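Undergrad: Got a predicted structure plus its sequence, pasted below:
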Amino acid sequence: MDPRPAVVAARLEGIRRIVAVTGGKGGIGKSVVASTLALALADRCKVGLLDLDLTSPCDHLILGADGAFPEERGGIVPPEIAGLRLMSVAFFSGAHATPLRGPDVTNALVELLAITRWGVLDLLVVDMPPGIGDAALDAVRWLGRAEHLVVAGSSRVVVETVRRTLDLLRRIDAPVLGVLENMRRPDDPDSVRALADDRQVPYLGCVPFDPDLEAATGDVQRLARTRTAAVLGRLADRLL
Amino acid sequence: MHEWALAEGVIRTALEAGEQDGLTSITRIAVRIGELQRIGEEVFRGALEIVLPRDDARLAEARIELKIEPARFRCRPCRTDFGLRDLDGPVDHEQLEAIHFVPELAHAFMACPACHSPDFEVVEGRGVWIEAVEGR
């Protein structure tokens, strides 16, 4: 018998809501959305951010958490960064590459969920693994009550992948908060809104392409002043 | 897995298993611990003392047995079998700590001693497994 499932359930007990930021495709700004949304929520309630991209974690870089490390206190307590509790495998792997195959990804994910003591949180934002392979399926399984916020872009390639993600989430009865359009440029087609309408899920608005974002990476104060943060602040209000 | 999470997991899982088997008293819990996980037995037993529900009569006579299983790896590209003592270079303390928390990080810090690939399978001795819950 595996003793971890019982602990995972206990570790998530004190969390009122779980919002899984997903997208089904790498490179659509899921981590920036998850990190900035968590930052905006931290002004409003008790928030945690869990980076479940186990092979390329980057939330700690976006939030400038270099040098932070979890505390050992009856388990592992996530460090507090800019008012939110952050957990990432990067705290343990450092700058090393983590070449993990499917079963390893599953084990690492369960292990991370089993050791992390979140305490009481109003909301846990989960930066979901990219794609819809082992890691994403495991995350959906272990975070059963998570509500999915799907990040999309207007490119045909992204829309097609997001359509598949939405269909999969519907097939497994996972709640969907809606679709958020990211990195929108003025001339982009309304394909994300059309997709949301077609699949009958809420269109949560759009984050415009933000040229200031790259320079704000790693600087939470600067990040909080970006247009991206302003849009996600309004979304944070809607979520609560 | 951290010793505290392990202690909590063992107790919760044993109680669930005992309930399924209709046990009113659990007398023995056998736990297999992978060498890779580097669980400190003293720390684990200390954590157990704290997480053990004192008022639960089902655990009053429970004896917890720990068995360490040596870690064995098999390189996927060159099929070499190896153990922790066969590694090319030392794994430093911080890296061992990281592996203690998340054993899969062995792939970040260790490599096959023959071909240096990090693409190896952990054949035995990875994590924690409850082998038996006995009672009456």
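TA: Looks like it arrived, so ask away.
Undergrad: how about the residues of chain B that lie near chain A?
TA: B:1-2, B:4-6, B:8-10, B:12-13, B:16-17, B:31, B:47, B:97-98, B:101-105, B:107-109, B:118-119, B:126-130, B:133 (C-beta under 8 Å from any C-beta of the partner chain). C-beta here means a position set from N, CA and C on the backbone, and glycine is covered the same way.
Undergrad: Show me what the helix or strand that contains A:Phe92 is packed against.
TA: Secondary-structure assignment from DSSP states H and E places A:Phe92 in helix A:90-93. Here helix A:90-93 touches helix B:93-101, going by 3 or more C-beta pairs under 8 Å, 6 or more residues apart in numbering or on different chains; DSSP states H and E.
Undergrad: Could you list the alpha-carbon positions for the helix it packs on in PDB?
TA: Taking Å, rounded to 0.1, in the frame of the first residue of the first chain, the C-alpha atoms of helix B:93-101 are listed here in PDB:
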ATOM      1  CA  HIS B  93      24.700  16.900   1.100                       C
ATOM      2  CA  GLU B  94      22.300  19.400  -0.500                       C
ATOM      3  CA  GLN B  95      21.600  17.100  -3.400                       C
ATOM      4  CA  LEU B  96      21.000  14.100  -1.000                       C
ATOM      5  CA  GLU B  97      18.600  16.300   0.900                       C
ATOM      6  CA  ALA B  98      16.700  17.200  -2.300                       C
ATOM      7  CA  ILE B  99      16.500  13.400  -3.200                       C
ATOM      8  CA  HIS B 100      15.300  12.700   0.300                       C
ATOM      9  CA  PHE B 101      12.300  15.000  -0.300                       C
END
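Undergrad: Please identify the buried residues of that helix?
TA: Across helix B:93-101, burial judged by 16 or more other C-beta atoms under 10 Å in any protein chain shown covers B:Gln95, B:Leu96, B:Ala98, B:Ile99, B:His100, B:Phe101.
Undergrad: Tell me how far the fifth one lies from B:His2.
TA: B:His100 sits 8 Å away from B:His2, taking C-beta to C-beta, to the nearest Å as the criterion.
Undergrad: Can you pull out the low-pLDDT segments for chain B?
TA: Along chain B, the parts satisfying pLDDT under 70 run over B:1.
Undergrad: Quick one: the strands in it, in order.
TA: For chain B, the strands defined by DSSP state E cover B:26-34, B:63-69, B:72-75, B:81-83, B:120-124, B:128-135.
Undergrad: coming back round to it: spit out the residues that contact B:His100 and B:His2 alike.
TA: Residues touching both B:His100 and B:His2 (C-beta atoms under 8 Å, 6 or more residues apart in numbering or on different chains): none.
Undergrad: Isn't A:Val207 up against A:Val179?
TA: No - the criterion here is C-beta atoms under 8 Å, and A:Val207 misses it with A:Val179 at 11.9 Å.
Undergrad: Write down the beta-bridge partners of A:Val21, one by one.
TA: A:Val21 has the following beta-bridge partners by DSSP bridges: A:Asp127, A:Leu149.
Undergrad: Is it correct that it is in contact with A:Val151?
TA: Yes - with contact defined as C-beta under 8 Å, A:Val21 reaches A:Val151; the gap is 6.3 Å.
Undergrad: Neighbour count for those two, which is higher?
TA: Using other C-beta atoms under 10 Å in any protein chain shown as the criterion, A:Val21 and A:Val151 rank with A:Val151 on top: 29 against 26.
Undergrad: where does that one fall, helix, sheet strand or coil?
TA: Assigned by DSSP: H, G, I helix; E, B strand; the rest coil, the conformation of A:Val151 is strand.
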